[in-house]
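In: for reference, the sequence and a predicted model appear below.
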Number of protein chains: 2
Amino acid sequence: MNLDLMRELSVSTDSKIVLLVMDGLGGLPNSDGKTELEAANTPHLDSLAAASDLGLSRPVAAGVSPGSGPGHLGLFGYNPLRYEVGRGVLSALGVGFELGENDLAARLNFATKDSSGKISDRRAGRIPSEKGAELAKLLDENINLDGVETFVLPEKEYRAVAILRGQGLSGSLTDSDPQRVGLEPLPVKPTDDSPEAEKSASLANAFIEQADDILKEEHPANTVLMRGFGMHPALPSFDETYRLNAAAIASYPMYKGLARLAGMKLLKEGEGIAGEFETLKENWGSYDFFFLHVKPTDSAGEDGDHRRKSSVIEEVDAQIPGIMDLEPDVLAVTGDHGTPAKLKSHSWHGVPFMLHSPYTLPTAESFGERTCAGGSLGVFPAEEIMGLLMGHALKLKRYGA
Amino acid sequence: MNLDLMRELSVSTDSKIVLLVMDGLGGLPNSDGKTELEAANTPHLDSLAAASDLGLSRPVAAGVSPGSGPGHLGLFGYNPLRYEVGRGVLSALGVGFELGENDLAARLNFATKDSSGKISDRRAGRIPSEKGAELAKLLDENINLDGVETFVLPEKEYRAVAILRGQGLSGSLTDSDPQRVGLEPLPVKPTDDSPEAEKSASLANAFIEQADDILKEEHPANTVLMRGFGMHPALPSFDETYRLNAAAIASYPMYKGLARLAGMKLLKEGEGIAGEFETLKENWGSYDFFFLHVKPTDSAGEDGDHRRKSSVIEEVDAQIPGIMDLEPDVLAVTGDHGTPAKLKSHSWHGVPFMLHSPYTLPTAESFGERTCAGGSLGVFPAEEIMGLLMGHALKLKRYGA
């Protein structure tokens, strides 16, 4: 999306927008010839489709399957090729760390170094999560770098995340992970000439040196490998770009984190899918934009379980009348990418997209990949979704006289 | 459109193109479930559709409703975000002023200034058009600025337009209009560091000072506010870009002006819609591209009168056999944007587009928003229309070996 254009044209109004995202919604035909969405019994989504604009949204580029970061950046109107979210940043968001604008994040592996200084196990024998948490705490409390605050938080097993907070940092750094055993860890090096990158490389190397010292009596996790360095991406906020007072409802930390990067307020979600919709209702009066994220569609797709994915979609379908009772001015239902059960992974395919408002041109009586393919929105880049939502909510001024 | 590519590939041939634009053609379903175009009885457009490529064209960007300027720039192949037509320029075109490449245009409001120098009425009590015309003439004859020619023409009531003509001018200027009463008018300031902007700001302020002097005995219109400064946009011409000898038929000055910006020859139009088509026939031998603009579809849409809009479309439908008798090589029928009766304003929706030539891939038996949604052209940016017209007229060389 042209964010400058949005900033120029957007106006704050009373109208309310709901963006309902079923993670990995897009699918492919299974043995019954139907996609997960087509096979699901969705009377409410279907009758909504009969009064909606339909289309297929393309996440990043033709043939390219997005991770969760770029998938959601696109949904929020940020060009996912321009605004990058590093792996370290996603890990930090995933553990619920409140990343700030001066934060440099990296993934940590606890690993094993032999007496000759070479890495003998890049995952430290996959130590249990409890041990990983204990060692992360040890580093968090004892590492002391000049001029920056440091945070170390456990992810799972041998994985953790490190954050350096301070002025003048940069994520333009190489990994210390040599990627193969039998090699010495690599020094972290700057990948550009900036003083920020040079300073950050020194800090990262000092971090590793101190960690080695702190962990020297531990076994098998006697060192750390650092990779996926990245700064907080400093996205233009929803407030400043779209004049929206936006809130997010999500059950997984990473999606909460992505929404927070865009400046959305995080709402405390209830239990399960029904609980998330309950949260929407409770907070209806306080915001004019709601991002509601449903995760289990993606998990079922990743597991290759098309029936379970259809069931999750049916569970969401049952919540549609409750949303419609709130009378949103615009309700969009889509995914951040496809996760076809047939592929058991994220996919590059067009994602079913449905937009309901008083100003639509309906073309079909059901919500599915193939009715969306024939819809009045055609196949379009996911980053245009925010423009469509804003237009249909009558929140954009006319462009030019 | 990539104008450099057009310039590289276009060749002059005998084939003839007609671009028939019904202003604000696009609509939304009304109480009968049909759009204005779908509801209209259009046997000729429908049978043309059965031998045409269909698609939906998007004017500017997702969710963005264009004004007439950007809407037409897109139709003529100019990226409407790159080529801006300022409000002053549109006003000048609207009153039929023949804007040249060195012209700086601005809108004028006649206004009332109280004895303390503050604006007490931004519209001078909405003086009648006759009075506005008289005062415009007074300024036109008496303002005398160093090194530039000045023109002042009346629009309507308290509105007029001023043009400064000279070398080295710029439209990068702030408005003098304080936007609220009880404030002093603002000095016009340059918005960039160029000497052109600085010079133009001085000239604009001198203009206002002289106008104040000329109007000092008038009441209530004793001053002018200037806003919407803009230079002639200096579009690459149709001739140089497409090797087209292009003519325009339009009944409203603004559309004539927009066509003239693109270098089209203006033809004297007959009375009403039938008269415009008569002009087309009379001039058929002399040009290879005709832009024919029909206004009342938009006016009916703005009035929320879907039946009248359908009637206008039917009136145009009746002219189709007459055009086909001329055997144009390419005939395209579309709009510059939607003006759905339901919205009573310009809209952001895809605009029905139909292209007839011997080289089409027909997909439907009728011309409507929803048959266009399923057409072989898909949903595409309006600025690509000129490329399609040129290709179907066999006026573009192959690109590359």
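Out: It's in.

In: for the closest residue to residue A:360 other than its chain neighbours, what are phi and psi?
Out: Excluding its sequence neighbours, the residue lying closest to residue A:360 (C-beta to C-beta, 6 or more residues apart in numbering or on different chains) is residue A:53, at 4.5 Å. The C-beta positions use only the backbone N, C-alpha and C, and glycine is treated the same way. Dihedral angles of residue A:53 (phi, psi; degrees, to the nearest 10) stand at phi -80, psi 140.

In: from residue B:133, how far off is residue A:53?
Out: To residue B:133, residue A:53 is 46 Å away according to C-beta to C-beta, to the nearest Å.

In: just residue A:132 next, same as before
Out: To residue B:133, residue A:132 is 82 Å away according to C-beta to C-beta.

In: of those two, who's got more company?
Out: residue A:132 (23 against 17; other C-beta atoms under 10 Å in any protein chain shown).

In: how near is residue A:51 to residue B:114?
Out: Counting by C-beta to C-beta, the gap from residue A:51 to residue B:114 is 54 Å.

In: kindly report the same for residue A:217.
Out: 85 Å.

In: neighbour-wise, which of the two wins?
Out: Between residue A:217 and residue B:114, counted using other C-beta under 10 Å, the more crowded position is residue B:114 (12 against 6).

In: the residue lying closest to that one once chain neighbours are set aside is in what secondary structure piece?
Out: Closest residue to residue B:114 apart from its sequence neighbours, by C-beta to C-beta, 6+ apart: residue B:120 at 4.5 Å. Per DSSP states H and E, residue B:120 falls inside strand B:119-121.

In: helices or strands next to the following helix or strand past that strand in the packing?
Out: Using DSSP H and E, the next helix or strand after strand B:119-121 towards the C-terminus is helix B:129-142. If contacts are counted by 3 or more C-beta pairs under 8 Å, 6 or more residues apart in numbering or on different chains; DSSP states H and E, helix B:129-142 sits against strand B:103-113, strand B:149-154, strand B:159-165, helix B:195-214.

In: now helix B:129-142: average pLDDT?
Out: Mean per-residue pLDDT for helix B:129-142: 97.

In: just the closest residue of chain A to chain B, please.
Out: Closest to chain B within chain A is residue A:391: 2.7 Å, counting by C-beta to the nearest C-beta.

In: in the host helix or strand of that residue, what counts as buried?
Out: Assigning secondary structure by DSSP H and E places residue A:391 in helix A:385-392. Neighbour-count burial for helix A:385-392 flags A:385-392 (criterion: 16 or more other C-beta atoms under 10 Å in any protein chain shown).

In: packing partners for it?
Out: helix A:3-9, strand A:17-22, helix A:68-75, strand A:330-334, strand A:351-356.

In: out of the ones you listed, flag the one nearest residue A:35.
Out: strand A:351-356 (8.5 Å; C-beta to C-beta).

In: what's the closest one packed up against?
Out: Partner elements for strand A:351-356 (3+ C-beta pairs under 8 Å, 6+ apart): helix A:43-49, strand A:52-58, strand A:330-334, helix A:369-373, helix A:385-392.

In: mind giving me the packing neighbours of the fourth one?
Out: To tie it back to what came earlier, the one meant is helix A:369-373. helix A:36-39, strand A:52-58, strand A:351-356.

In: so of those, which one's packed in deepest?
Out: A comparison of these by mean neighbour count, using mean count of other C-beta atoms under 10 Å in any protein chain shown, puts strand A:351-356 on top with a mean of 27.

In: may I have it as CSV, with CA atoms only?
Out: Output of strand A:351-356 as CSV, limited to C-alpha atoms (Å, rounded to 0.1, in the frame of the first residue of the first chain):
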residue,chain,number,x,y,z
VAL,A,351,-5.9,-16.5,-0.2
PRO,A,352,-9.7,-16.3,-0.1
PHE,A,353,-10.8,-12.8,0.8
MET,A,354,-14.3,-11.5,1.5
LEU,A,355,-15.3,-8.0,2.4
HIS,A,356,-18.7,-7.1,3.7
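
In: run a quick check on residue A:140 versus residue A:153, I expect a contact.
Out: Yes: the pair residue A:140 / residue A:153 is scored as a contact, 7.2 Å apart, by C-beta atoms under 8 Å.

In: how deep is residue A:205 tucked in, by neighbour count?
Out: 17.

In: can you give me the distance of it to residue A:89?
Out: 20 Å.

In: out of the helices and strands packed on helix A:369-373, flag the one nearest residue A:329.
Out: Here strand A:351-356 is closest among the helices and strands packed on helix A:369-373 (C-beta to C-beta), at 9.5 Å.

In: need the contact list for residue A:345.
Out: Residues in contact with residue A:345 (C-beta atoms under 8 Å, 6 or more residues apart in numbering or on different chains) are A:65, A:302, A:339.

In: and it, what pLDDT?
Out: Residue-level pLDDT assigned to residue A:345 equals 97.

In: okay, now the residue lying closest to the residue of chain A closest to chain B once chain neighbours are set aside: neighbour count?
Out: Nearest residue to residue A:391 in three dimensions, chain neighbours excluded: residue B:63, at 2.7 Å (C-beta to C-beta, 6+ apart). For residue B:63, the neighbour count with other C-beta under 10 Å is 26.

In: repeat for residue A:178
Out: As a burial measure, residue A:178 scores 16 neighbours (other C-beta under 10 Å).

In: cool, and residue A:31?
Out: 7.

In: A strand includes it, no?
Out: No: counting by DSSP: H, G, I helix; E, B strand; the rest coil, residue A:31 falls outside a strand, being coil.

In: what's near enough to touch it?
Out: Residues near residue A:31 by C-beta under 8 Å, 6+ apart: none.

In: chain B contacts on the stretch 301-401 of chain A?
Out: Residues of the stretch 301-401 of chain A lying near chain B by C-beta under 8 Å from any C-beta of the partner chain: A:358-363, A:374-380, A:384-392, A:396, A:398-401.
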